[in-house]
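*Asks:* Fold the following and give me the result.
(chains A and B)
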Amino acid sequence: MKKLTTMVLTAALATPFAAIAEDSSDPITIPIHNWSSQIVMSNVVGQMFEEMGNNVEFVTTDSQAVYESVRLGDVALELEVWEGAFGASFREALSKGGLHDAGDHDAVTREDWWYPAWTKESCPGLPSWEALNACAEVFATAETGSNGMYLDGPVDWLKHGQERVAALDMNFTVVNAGSAAALWAHIGAAEAEKKPIVVFNWTPNFAEAVWPGEFVEFPAWEDGCDTDPTKGPNKEALFDCGNPSTGYLKKAAWDGMEDKWPAAYCVLTKLSFTNPQIAEMAKLVDTDELEPEEAAEEWLAANRAVVEPWMSACAS
Amino acid sequence: MTIVSDANLAVPEGGTPAMAVRRKVLIGLFGFAALLTVLRPWLPEALIRLPEAMLLPWSDWLDVGFAWVQNDLGLIHVTREIASWLGFLIDAAANVLYGKSRWPNFEAMPWSVVAGCLAVLGYWLGGWKLALLAGGTMVWTALMGQWKWAMETMSVIVVAAPVGFAVGLLIGILAWRSARFEKAMRPVLLVLQTLPFYSYLLPAVIFFKVGPTAASVATIAYSMPPMILMTIVGLKKVPPEVVEAGKMAGCSRWQMLRSVYIPSARTEILVGLNQVIMLALAMVVLTAFIGMPGLGAKLLAMMNSFKLGRSFEIGVTIVLLAVTLDRLSKAWVVKQPEHFEKGTPWWQRHILLLIGVATFVVFMVLAQVIPILNEIGRRQSLSMGSEIDVAIKGFLNLSWVKETTGFIRWFFNLWILIPTERALLYVPTAAVIAVVTGFCYALGGRRPALIGVLFFSIVAGFGWWDRAMITLHSTLTAVILAMVFGMPLAVWAARRETWSARMIFVCDTAQTFPSFIYLLPAIMLFGITPFTVILSILIYTMVPVIRYTIEGLRGVPPELTEAADMSGATRWQKLWNVQLPLAMPTIAVGLNQALIFAFFMVIIAAFIGTRDLGQEMQRTLAGTQLGKNFTLGFSVVFMALTFDIAINAWAEKRRRILGLA
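*Replies:* Numbering: from 1, shown residues only, chains lettered A, B, ... in the order given. Down below sits the predicted model:
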């Protein structure tokens, strides 16, 4: 009797739930950008959705303009929201409405001044920033004169290299690369002759595997370093600290996603990747030369145990 | 030995009164500019640059305007409706080409079928050579493991190019019927062609949905203008006798258009179609920023993970596809309808169609049996990405390569580019405006001069003057360098018919060559410096300079060159005094084209890294600052328009004087 009650109860509870939890058959559109870890991660998640019976489609987009598309529901989600590079676009879209924060990955991001390992030979005091400044001349180019050259990230990543050089009174000229590709070309050009360089870089990405190196240690980040001049060593300037070494890596979702694809949405909020996992995804494409789809299959096969709990937790 | 100059300079000693006025105005303007520049250290700040307080809040106004258009006017519903239609067509094409799961739900077509059918089409249009080119390109694409990407790209092009063609034809006809419409339309076309791509990005994504639809709209907008212009040219050229004949036959207006005008203008219209296809392919990489799938997107992804070899292979595929489509469409332009003896059986008249169908069936069947004819996977492909990587890096590392490029980098950056850029930034705003006005006045007269003052003042009023000057500096340098290197080359090539043809073929190919391919090696050699930026734009400025110079020189009437020969002119005198002056109006059009391309390409400069308008536009993408983005975009547009109007006015005037119009 008790058993029957339970069964009836479960059925009564489950039926309406199951009806709601049915995902729409419309394809879930996942945006992909032009760096490997994001493409592979999107494919991994896409294949998980497909296993759950959803239709999935991918669309190539710009990584800043994508937040406007998520907001309008043209794409359903975004899997890599970097605090440093895309925080501004994300917050702007958040304030306009239509998209929301779908939780953090375990992975933390770090974006800061970086040098490849060979640089240390010409400037042994590294990674301290004072030592870097002392050997600024080593980093000089024909165009910068006696100042060292620091190659900063693209301006739309809002990196404030210029402000930091001013705040810490460094002997460096800041040049902005226009794209990640330009950054890599710069490192690649220095590689053959082991020319000392200092550039903007971040982790996790594929470059760590290709060119071992370290981040420059600036005065540690304090909350408010970007808004309150009294924070950091220079009491009169903003941006006189290094970037936070544990920035977030978020997921974002379109507001309508939860109603349209509840099960997929549930998985999205549950899933979370770590730094080594993301590095592995990038490596499959960048070093092992797999296609992103194959890389995703391979990664999923090797990491069933990681994704299984997320999917079973959301199975209706 | 000045046949031409004598003819148009037949004026009294000291010039006409009009010329005296002209001289005074020019001296006044240039003198004013020189004075301001010399006195700069003593000038108040407000005279050097427009003070912040005087700038109008254009960005805020535009933001309000956009919000209104998007939300209150409801334009977004209209554009989204259009987008869904385009999306439907693109999806259908994508299904046929690579089996995307959409209507009409076919299986993916085996690559060998497409290759075979295109080869037959190539044979029908232009014989064995074209068959080999068309089939070979497809085989290369499949062998390199790029088949699916190429088909993704083509799925957008096969929709965008016909739509661009049809809409362009329609607008062209309307413009031909109404002079007022034509006048109103020209600046709009120019805006479409000069507004940098970073300005298309956000509106296209908002109004037309991110992905292939937005990409196709941007492609259509950019590739349509030449179609419109060619249609107008073609229709205006229809001989009156033909029109008379049509009228006598009692044609209605629609019949006149359909059976008289359009067939007579066939050649121009098809040249327009060819241009549409070429420009659409030229945009494959840039549109990848707003969702164009396929080759362009892959090229960017490869570059961002520093794979020189594979990005090079993709670049080759893009160029091959472009050359194939160019040749096929050009062969179609010259192909005349075939006529058969009466009584030729049906199968004989349609023999190639039958062969095409047979090829289709045979390869369809073969592909079922031999999987490699159906699909070539990444692992089976012959891509040699990493080998090319090593080769390129090795080459860049040769000591003589490094020394030469190191010298070039040092010389151009430190002795030419950086000093001239600093100089331009030193000059007070008002002085620059005066010089530009003087330039426009000298070229085109009063109206272009007034437009110059107005447009450059607007640019100053937008508040991005320094950045605008850096953009202006790189575009002007790229055009000047293109002249220095391109014109002698073109003059040399123009001496022989065969050399000219070969040179123009190289130009056609280079036009579709995405400079993204050599961007990474260029950065590795020349660093992130002004010279690399110029180098990346140079290919786009060289092409029109060379092409129009050749066309201008070849177009000089033979009577005149013969006359020069008879009066005993040396080759040099003939060139200087006869050919170049007569070709100048055409060359000017080429220079104008070069300038417009250069302005448009600021996006590539931004990809490398500069401090110009493009960089600031890139910044606006973070945080979706539409208003600011458009003030920056229109700073580019207004500068481009100024030069366009002045140069065209000059070319027009010269043509009239030389009796070429």
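*Asks:* A:Glu57 should be in a helix, yeah?
*Replies:* No: counting by DSSP: H, G, I helix; E, B strand; the rest coil, A:Glu57 is not part of a helix but strand.
*Asks:* Could you check how far it is from B:Thr532?
*Replies:* To B:Thr532, A:Glu57 is 37 Å away according to Cβ to Cβ, to the nearest Å. Just so you know, the C-beta spots here come from the backbone N, C-alpha and C atoms, and that holds for glycine as well.
*Asks:* Can you pick out the residue with more neighbours from the two?
*Replies:* It is B:Thr532, of A:Glu57 and B:Thr532, that has more neighbours when counted by other Cβ atoms under 10 Å in any protein chain shown, with 25 against 17.
*Asks:* Mind telling me what element the more buried one is part of?
*Replies:* Element membership for B:Thr532, per DSSP states H and E: helix B:530-554.
*Asks:* contacting residues for the closest residue to B:Tyr540 other than its chain neighbours?
*Replies:* Using Cβ to Cβ, 6 or more residues apart in numbering or on different chains and skipping the chain neighbours, the partner closest in space to B:Tyr540 is B:Phe597 (4.2 Å). Counting by Cβ atoms under 8 Å, 6 or more residues apart in numbering or on different chains, B:Phe597 touches B:537, B:540-541, B:543-544.
*Asks:* Next: A:Val75.
*Replies:* A:Val75 makes contacts with A:29-31, A:59, A:61, A:66, A:69, A:254, B:210, as judged by Cβ under 8 Å, 6+ apart.
*Asks:* List phi and psi for it.
*Replies:* phi -120, psi 150 (degrees, to the nearest 10).
*Asks:* Look at it and report its pLDDT.
*Replies:* A:Val75 is assigned 94 on the pLDDT scale.
*Asks:* any idea how far it is from A:Gln64?
*Replies:* On the measure of Cβ to Cβ, A:Val75 and A:Gln64 end up 14 Å apart.
*Asks:* continuing past the lowest-mean-pLDDT helix or strand in chain A, what's the next helix or strand?
*Replies:* When the helices and strands of chain A are scored by mean pLDDT, DSSP states H and E, helix A:2-21 comes last with a mean of 46. Proceeding N to C from helix A:2-21, the next assigned helix or strand is strand A:28-32, under DSSP H and E.
*Asks:* residues contacting the closest residue in space to B:Ala510 that isn't next to it in sequence?
*Replies:* Excluding the flanking residues, the one nearest B:Ala510 by Cβ to Cβ, 6+ apart is B:Val543, at 5.3 Å. Contacts were defined as Cβ under 8 Å, 6+ apart; by that measure B:Val543 touches B:507, B:510-511, B:594, B:597.
*Asks:* Which one of those residues is nearest to B:Thr586?
*Replies:* B:Ala594 (13.0 Å; Cβ to Cβ).
*Asks:* do you know how far that closest one is from B:Leu414?
*Replies:* 26 Å.
*Asks:* Those two - which one has more neighbours?
*Replies:* Set B:Ala594 next to B:Leu414 and count neighbours by other Cβ under 10 Å: B:Ala594 wins out with 28 against 15.
*Asks:* need the residues of the stretch 251-400 of chain B near chain A, please.
*Replies:* Within the stretch 251-400 of chain B, the positions lying close to chain A (Cβ under 8 Å from any Cβ of the partner chain) are B:288-293, B:297, B:300-301, B:303-307, B:378, B:385-386, B:393, B:396-397.
*Asks:* In ChimeraX, select just the buried ones from these.
*Replies:* Buried subset of these, written as a ChimeraX selection, criterion 16 or more other Cβ atoms under 10 Å in any protein chain shown:
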select /B:288,289,290,291,292,293,297,300,301,303,304,305,306,307,385,393,396
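*Asks:* what helices or strands is the helix or strand harbouring A:Pro276 leaning on?
*Replies:* With elements taken from DSSP H and E, the one containing A:Pro276 is helix A:275-286. With contacts taken as 3 or more Cβ pairs under 8 Å, 6 or more residues apart in numbering or on different chains; DSSP states H and E, helix A:275-286 sits against helix A:36-51, helix A:207-210, helix A:292-302.
*Asks:* what pLDDT, on average, does the shortest one get?
*Replies:* Yep, that's helix A:207-210 we're talking about. Per-residue scores along helix A:207-210 average to 81.
*Asks:* Quick check: next helix or strand after it?
*Replies:* Scanning onward from helix A:207-210 (DSSP H and E), the first element met is strand A:213-215.
*Asks:* Need the residues that contact the helix or strand in which B:Ile418 is found.
*Replies:* Counting by DSSP H and E, the element that carries B:Ile418 is helix B:418-426. Helix B:418-426 is contacted from outside by A:143, B:37, B:40, B:432, B:466, B:469-470, B:472-473, B:477, B:530, using Cβ under 8 Å, 6+ apart.
*Asks:* now with 6 Å?
*Replies:* B:466, B:469, B:473 (Cβ atoms under 6 Å, 6 or more residues apart in numbering or on different chains).
*Asks:* what's next to the next helix or strand along the chain from that helix, contact-wise?
*Replies:* Later in the chain than helix B:418-426, the nearest helix or strand by DSSP H and E is helix B:429-444. Contact with helix B:429-444 is made by B:26, B:29-30, B:32-33, B:36-37, B:49, B:448-449, B:452-453, B:456, B:460, B:465, B:646, B:649-650, as judged by Cβ under 6 Å, 6+ apart.
*Asks:* now helix B:429-444: mean pLDDT?
*Replies:* Mean predicted lDDT for helix B:429-444 stands at 94.
*Asks:* got it, and stretch B:615-633?
*Replies:* If you average the pLDDT over stretch B:615-633, you get 85.
*Asks:* Ok, stretch A:223-241 next?
*Replies:* Mean per-residue pLDDT for stretch A:223-241: 86.
*Asks:* which of the residues in that stretch are buried?
*Replies:* Using 16+ other Cβ under 10 Å as the test for burial, stretch A:223-241 gives A:225-226, A:231-232, A:234, A:237-241.
*Asks:* Tell me which two of the residues you listed sit farthest apart.
*Replies:* Taking Cβ to Cβ as the measure, the buried residues of stretch A:223-241 span a maximum distance of 13.1 Å, between A:Asp226 and A:Asn234.
*Asks:* pLDDT score for residue 85?
*Replies:* Defaulting to chain A. We have a pLDDT of 84 for A:Ala85.
*Asks:* if you could check chain B rather than the one you did, that'd help
*Replies:* 94.
*Asks:* burial measure for it, as a count.
*Replies:* 13.
*Asks:* what does B:Phe607 give?
*Replies:* If we define neighbours as other Cβ under 10 Å, then B:Phe607 has 28 of them.
*Asks:* Check the gap between it and chain A for me.
*Replies:* Noted for B:Phe607: a distance of 4 Å to chain A, by Cβ to the nearest Cβ, to the nearest Å.
*Asks:* Leaving out sequence neighbours, find the closest residue to that residue.
*Replies:* With sequence-adjacent residues excluded and distances taken as Cβ to Cβ, 6+ apart, B:Phe607 is closest to A:Gly178, at 4.4 Å.
*Asks:* Next one: the closest residue to B:Leu325 other than its chain neighbours from chain A, what distance?
*Replies:* Closest residue to B:Leu325 apart from its sequence neighbours, by Cβ to Cβ, 6+ apart: B:Ile277 at 5.1 Å. B:Ile277 sits 22 Å away from chain A when distances are taken as Cβ to the nearest Cβ.
*Asks:* So the residue in the stretch 1-150 of chain B that chain A sits nearest to: helix, strand or coil?
*Replies:* Closest contact between the stretch 1-150 of chain B and chain A, by Cβ to the nearest Cβ, is at B:Ser101 (7.6 Å). Under three-state DSSP, the three-state class of B:Ser101 is coil.
*Asks:* Could you give the number of residues near it?
*Replies:* Neighbour count of B:Ser101, defined by other Cβ under 10 Å: 11.
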